[in-house]
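Visitor: Here is a sequence with its predicted model. Questions after.
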Amino acid sequence: MELHLRIDKDSIRNVLIILPDMIGLNILCMPALRQIINCCQDKNIRIIGFNNCSEIFTDENLPNLFLIDNKNIIDEMSAYFKIHETFDIVFDFLSSRESGKILIDSGMSYRVGWDYPESNLYNVPVKFPTHDRSTIYDYLEYLAAIGKEYSYGTPQLKSKDETRDQGKKWLKENGLLSERLIIFGVGGGNNKKRWPLENYFKLRNELMRHKGTDTLFIIGPNELELSDEIRKNDIKAFIACNLPLQTLKGILSHAFCTISNDYAVMHMSAALGISTIGVFLASDPIQWFPYQRPSIYVIGKELACRPCYREDCADWQCNDPSLLGKVMNGFKTIWAT
């Protein structure tokens, strides 16, 4: 371990990694996470994650993963540090003002993270994220900050038999035993990232013409209002609402194809190796879609205002009418392979 600061690498014994607080970011940090663990393999490594998103790593055999509640980060992280001895170096993938301050208050000697202007939260600073490259590079910069070479990689999630069985059980209990299950990831934290449901309804009508197919709408805890809209369109539609992450991962592992907005379902499906079509509106696939074929993304015309996360945008030009045809063409290619 060669640090930019003058640190005796032999004095580094206890290493802490703090994971991000969103599912997609947890997945995108995986290449950096693996490489940091590898370069610190002779150290005592502990990892703090959040129980609403880092549970996706249950099947990954990460060393000493401890989950906390992201609603009480200050209290829970402070309590964690009181139990464990001081860490010699901390890689803070979360890099929030709250986590940075806790690390200082807890006496962490070397703090690696994205620093905020004039805050001095991190004394091993990492290049701040930009919008012109894959988010994977933003996390790989943590290795550069400690003087380590890194290699770019595509995130891959594991799904153990127990997780797959959990998903299969849910599908069986809900009557979804078709030969080819098509998942619709219709949520997304930002309304301007959500492809309108009417397009998924049109897709469903077309895809159900293929023999041996079923479609399943996935809805998260902050999107429950979408269930009513789906029911108005089809009272018999299959909907999965607010599933535990391991159950969701198990279900996705049985999918033939996933068509999803740019959010957690898209990342989970593609990282599991399921053929995934990411539908991009306001966000930028260069930043958020590092996945390889058979997974693809579709996007409308080039716009100077992309990426944009304004929910008050009146024009919404990124909701391009051409997307429906592009998704259908992508699905035809996946179906034929």
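Guide: Received the coordinates, thanks. Residues are numbered from 1 along each chain as shown.
Visitor: Only C-alpha atoms from now on, for both contacts and neighbour counts.
Guide: OK.
Visitor: What separation do you get for residue 275 and residue 70?
Guide: To residue 70, residue 275 is 31 Å away according to CA to CA, to the nearest Å.
Visitor: and these two? which has more neighbours close in?
Guide: Neighbours were counted for residue 275 and for residue 70 using other CA atoms under 10 Å; residue 275 has more, 23 against 18.
Visitor: Give the next helix or strand downstream of the lowest-mean-pLDDT helix or strand in the chain.
Guide: When each helix and strand of the chain is scored by mean pLDDT, DSSP states H and E, helix 73-83 comes last, with a mean of 89. Tracing the chain past helix 73-83, the next element assigned as helix or strand by DSSP states H and E is strand 89-92.
Visitor: what is the rounded mean pLDDT of that next one?
Guide: Mean pLDDT, computed over strand 89-92, is 96.
Visitor: what's the distance between the following helix or strand past that strand and the middle of its chain?
Guide: Sequence-wise, the next helix or strand downstream of strand 89-92 (DSSP H and E) is helix 97-105. Relative to its parent chain, helix 97-105 has a centroid offset of 24 Å by CA atoms, centre = their mean, to the nearest Å.
Visitor: Next, the angle helix 73-83 makes with helix 97-105.
Guide: 30 degrees (axes from the mean of the first three to the mean of the last three CA atoms, to 10 degrees).
Visitor: for the helix or strand hosting residue 47, which positions count as buried?
Guide: According to DSSP H and E, residue 47 maps onto strand 44-50. By neighbour count on 16 or more other CA atoms under 10 Å, the buried set for strand 44-50 is 45-50.
Visitor: Pairing partners for the helix or strand just after that strand, with directions?
Guide: Following strand 44-50 in sequence order, the next helix or strand is strand 65-68 (DSSP H and E). Strand 65-68 pairs in its sheet with strand 44-50 (parallel), by DSSP bridges.
Visitor: and the strand it pairs with, average pLDDT?
Guide: The model assigns strand 44-50 a mean pLDDT of 95.
Visitor: so how far is that strand off the chain centroid?
Guide: That offset, for strand 44-50, works out to 18 Å (CA atoms, centre = their mean).
Visitor: okay, now residue 335: neighbour count?
Guide: 13.
Visitor: again, but for residue 222
Guide: 12.
Visitor: related to what we said a few turns ago, redo the buried residues of strand 44-50 as JSON lines? Include distance to residue 333.
Guide: As requested, the buried residues of strand 44-50 are exported to JSON lines (distance: CA to CA, whole Å):
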{"residue": "45", "distance to residue 333": "44"}
{"residue": "46", "distance to residue 333": "43"}
{"residue": "47", "distance to residue 333": "40"}
{"residue": "48", "distance to residue 333": "41"}
{"residue": "49", "distance to residue 333": "38"}
{"residue": "50", "distance to residue 333": "37"}
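Visitor: Just the terminal-to-terminal distance for stretch 14-34.
Guide: Note: stretch 14-34 ends 17 Å apart using CA to CA.
Visitor: ugh, wrong one, I meant stretch 230-245
Guide: Rule used - CA to CA; the end-to-end distance of stretch 230-245 is 22 Å.
Visitor: roughly how far is that stretch from the heart of the chain?
Guide: Here stretch 230-245 is found 22 Å from its chain centre; the criterion is CA atoms, centre = their mean.
Visitor: again with stretch 60-73
Guide: 15 Å.
Visitor: one step back: and of the buried residues of strand 44-50, the nearest to residue 15?
Guide: residue 45 (4.8 Å; CA to CA).
Visitor: Phi first, then psi, for the nearest residue to that closest one once chain neighbours are set aside.
Guide: What sits nearest to residue 45 in space, not counting adjacent residues and going by CA to CA, 6 or more residues apart in numbering, is residue 15, at 4.8 Å. With angles defined as degrees, to the nearest 10, residue 15 sits at phi -120, psi 130.
Visitor: what's around residue 15, how many residues?
Guide: 21.
Visitor: all helices in the stretch 151-300 of the chain, in order from the N-terminus.
Guide: Here the stretch 151-300 of the chain has its helices, by DSSP state H, counting those that start in this stretch, at 161-173, 197-207, 225-233, 245-252, 264-271, 285-288.
Visitor: who touches residue 249 in this structure?
Guide: By CA atoms under 8 Å, 6 or more residues apart in numbering, the contact list for residue 249 reads 56, 159, 163-164, 167, 268-269.
Visitor: on that earlier part again, buried by neighbour count: which residues of the least confident helix or strand of the chain qualify?
Guide: 77-78, 81.
Visitor: where does this structure have low pLDDT?
Guide: Scanning the chain for pLDDT under 70 picks out 1-9.
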